[in-house]
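>>> turn this into a structure:
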Amino acid sequence: MQFETKIAFVIRQDLGQWEKIDVAAFPASGIAGAGTELVGEPYADADGARYLRLCVQPMLVYAADGAQLARALDRALARGVEPAIYTDEMFATTHDAANRAALKSVRRADFKLAGIALRAARKTVDKIVDGLKFHT
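Prediction:
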């Protein structure tokens with residue numbers, strides 16, 4: 001199935017394993033929360049147990065160094081794409097309000113980006129992540 005939009009995550013490749021998972025998980029909630037059409041119907045198994053809804057389209061995960069990550073963020077913002085972001089400062093927080101405060105205290109030029117997630121038209125996302133490789 002071909003979707004009109006694409007969901008992409010760009011995660012800094014020098015992070016520890018648990019950090020990479022954290023950086024993917026939190027921005028994924030931002031993507032899912034951005035539009036009700038992104039989440040499908042509830043799941044159920046053959047025994048009748050119910051499970052939560054999932055995103056209706058694939059999410060691609062790219063690796064980047066700090067400069068590539070900053071470039072991807074700049075490209076997204078320049079194209080009017082509102083990304084979900086995660087900075088190194090957020091690793092030290094324990095709740096949503098603290099995450100927002102940590103982000104608000106740093107100018108974008110000084111971000112220590114850990115990762116971003118975005119959803120936009122396929123061609124727009126392709127331009128934002130141009131030159132990046134899939135995360136391994």
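
>>> who are the packing partners of the longest helix seen in the chain?
In the chain, taking DSSP state H as the definition, the longest helix is helix 17-33. Applying 3 or more C-beta pairs under 8 Å, 6 or more residues apart in numbering; DSSP states H and E, one finds that helix 17-33 contacts strand 5-12, strand 59-64, strand 84-87, strand 113-121. C-betas here are computed from N, CA, C, even on glycine.

>>> which of the ones you listed is buried the deepest?
Across the helices and strands packed on helix 17-33, averaging neighbours per residue (mean count of other C-beta atoms under 10 Å) puts strand 113-121 on top, at a mean of 24.

>>> tell me the gap between that one and the middle of its chain.
4 Å (C-alpha atoms, centre = their mean, to the nearest Å).

>>> report the angle between that strand and strand 5-12.
170 degrees (axes from the mean of the first three to the mean of the last three C-alpha atoms, to 10 degrees).

>>> who's in contact with the most centrally placed residue in the chain?
For the chain, the residue nearest the mean C-alpha position is residue 117 (2.0 Å; C-alpha atoms, centre = their mean). Taking C-beta atoms under 8 Å, 6 or more residues apart in numbering, we find residue 117 in contact with 7-10, 24, 27-28, 30-31, 59, 83-85.

>>> partner strands of the very next helix or strand once past the longest helix of the chain and their direction?
Following the chain from helix 17-33 toward its C-terminal end, the next helix or strand by DSSP states H and E is strand 43-44. The strands that strand 43-44 pairs with in its sheet are strand 50-51 (antiparallel) (by DSSP bridges).

>>> so what touches the strand it pairs with?
Against strand 50-51 from outside (C-beta under 8 Å, 6+ apart): 42, 43, 44, 45.

>>> next: stretch 99-114.
11-12, 15, 19, 23, 26, 66, 69-70, 73, 85-93.

>>> could you give me the PyMOL syntax to select whichever of those residues are buried?
Buried members of the contacts of stretch 99-114, defined by 16 or more other C-beta atoms under 10 Å, are picked up in PyMOL with:
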select buried, resi 11+12+15+19+23+26+69+70+73+85+86+87+88+89+90+91
